[in-house]
Each structure stands twice: as structure tokens, then as C-alpha cells.
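what's the 3D shape of this:
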Amino acid sequence: MNNQSKLPPVQLPEHWNSKEAWRVFGIMSEFVSAIDRLNVIQPAVSIFGSARTPSEHPYYKLTEHITRLLSDAGFSVISGGGPGIMEAANKGAFYGKSPSVGLNIQLPHEQNINPYQNISQSFQHFFARKVMFVKFASAYVVMPGGFGTLDELMEALTLVQTGKIRRIPIILVGSDFWRGMVDWIQHTLLSEGMIGEDDMSLIQVIDEPEAVVSAIFKHYETRGFELSDAEREMQLNL
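Next up is the predicted model:
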């Protein structure tokens with residue numbers, strides 16, 4: 001005889017059910033607004049890194065250098081729109097030839113929006129914002145950062161690995177910073193069969209700004225930046 005008691009079902013107040021239903025329309029509006037505004041920025045490169053990096057730090061200067069090169073080469077630069085590495089990314093692009101794009105997030109403790117944005121789009125929902133980072137990116141450049149940076153990196157790797165998006169360059173800048181993680185992926189995840197041999201090739205570690213730009217162009221030299229019909233269909237199902 002099973003004497004285990006069952007938990008009673010959770011009953012939400014009716015007004016909360018109504019709020020959840022209306023929230024769906026807010027999410028839809030966020031997607032429509034962002035797609036409409038960002039359709040003009042391709043090709044683009046999404047940049048990630050710590051919001052805590054001060055402007056005098058070498059990582060900040062390196063990011064600014066990379067994004068100026070990307071902007072002058074014809075890439076819009078997308079960042080999270082906040083301080084630190086995000087600001088450096090927008091700043092480098094802002095003074096270049098192509099648009100500087102900030103995807104700003106509304107947080108309980110307000111994120112400071114950096115002033116180096118030609119196109120600024122605000123989001124309430126992290127997941128809608130993350131879709132836009134992927135949807136419009138021809139490459140990911142990942143600078144040193146914390147949990148948020150790792151979240152974006154792992155999301156991109158998972159989407160490419162599982163075939164939910166086309167294969168794009170995913171470039172880690174700062175070999176000293178990333179060495180421990182890359183070694184762990186290779187010597188633990190790979191050796192224990194958690195990922196496949198081919199998955200290691202999804203990541204490139206590059207230190208030189210000019211080499212970052214060259215790696216992106218090399219990836220697309222035989223196919224161009226335009227999405228195929230199949231890739232467009234893939235993005236609709238993100």
C-alpha cells in the first residue's frame with residue numbers, strides 16, 4: 001500500500017492567470033519591434049564580455065580595437081548595450097563605418113546604457129534579447145567575462161552543435177583567460193564522451209584583433225554572408 005501523500009495542486013489567483021495571458025502579447029511586441037529595427041544591420045557580429053571591466057583595462061582597449069576593425073570592414077557590431085566590455089564594443093564600432101547596436105536589458109537594478117549606440121533596442125525579457133543576438137549574428141566574438149558571457153557562449157555552442165542555427169565562427173579572445181575552460185572541455189567533456197570530436201572545432205581562440213577579423217572573412221569566403229533559404233527557415237524555428 002502506498003502511503004505517500006500527494007501534494008495539492010497549486011491554485012493561482014485568477015488575476016495572475018490573466019496577467020500571464022496578456023504577457024504573451026508583450027513578448028510578441030518585443031520580437032516584432034526588434035526584428036523590424038534590426039533587419040537593416042546585416043552582416044553583424046555579436047560581442048560579449050564583462051560589464052565590470054573598467055575603461056582603463058587592457059580588455060576594454062582590446063575590445064575597442066577589434067570592433068573598430070570590424071566596423072570599418074563592414075560589420076555592424078551588436079553588444080548588450082551596457083558598461084564594461086559592452087561599452088567598449090559599441091564605442092569602437094561607433095567611431096567606425098558601420099552601425100553600433102545596443103540590445104539593452106531592463107533589470108531590477110537598472111543597467112546603465114552606454115552612449116555609443118547608433119541603434120538602441122530595449123528588452124524586458126532575456127530570452128527575446130538572446131534570440132536577437134543569434135538571429136542577426138554572422139559571428140560571435142567572446143571577450144573575458146562572467147556568468148552572462150558564459151551563458152551566451154554556451155547557448156551559441158549548443159545551437160550550432162544541435163543544428164538549430166547555421167555554423168558561425170565562435171571566437172574566444174584572450175588565450176590566457178580561456179585556457180582553463182578550453183582544457184576542461186577537451187580533457188573532461190570530450191574524453192568522457194559528453195561531446196564529439198567535431199565539437200571542439202566550433203571554438204577558435206584568437207588573441208590578435210586583425211586575426212579575429214580575418215577568421216570571420218575566411219569562414220565566409222566560399223559562401224558569402226547571405227543566408228540560404230534553408231538557413232532562413234532554420235532561423236524562423238529558433
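
where does pLDDT dip in the chain?
Within the chain, the stretches with pLDDT under 70 are 1-5, 10-17, 108-111.

and the helices in it, which stretches?
14-38, 58-72, 85-94, 126-135, 147-161, 175-184, 209-220, 229-236 (DSSP state H).

and S201, which of those helices is closest to it?
helix 147-161 (10.4 Å; Cβ to Cβ). Any C-beta I mention is one placed from the backbone N, CA and C, and that applies to glycine too.

tilt between the closest one and helix 229-236?
140 degrees (axes from the mean of the first three to the mean of the last three Cα atoms, to 10 degrees).

show me how far helix 147-161 is from its chain's centre.
Computed by Cα atoms, centre = their mean, to the nearest Å, the chain-centroid distance of helix 147-161 equals 8 Å.

could you say what helices and strands that helix packs with?
Counting contacts by 3 or more Cβ pairs under 8 Å, 6 or more residues apart in numbering; DSSP states H and E, helix 147-161 is packed against strand 44-48, helix 126-135, strand 139-142, strand 170-173.

tell me which of those lies nearest to I206.
I206 lies closest, by Cβ to Cβ, to one member of the helices and strands packed on helix 147-161: strand 170-173, at 5.4 Å.

list of residues touching the closest one?
Contact with strand 170-173 is made by 62-63, 66, 139-144, 153, 156-157, 160, 178, 182, 202-207, 212, 215-216, as judged by Cβ atoms under 8 Å, 6 or more residues apart in numbering.

make JSON lines from the helices and strands packed on helix 147-161 and add distance to G92 and mean neighbour count to it.
Shown next, in JSON lines, are the helices and strands packed on helix 147-161 (distance: least, Cβ to Cβ, whole Å; neighbours: other Cβ atoms under 10 Å):
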{"stretch": "strand 44-48", "distance to G92": "9", "mean neighbour count": "27"}
{"stretch": "helix 126-135", "distance to G92": "18", "mean neighbour count": "18"}
{"stretch": "strand 139-142", "distance to G92": "11", "mean neighbour count": "26"}
{"stretch": "strand 170-173", "distance to G92": "13", "mean neighbour count": "22"}
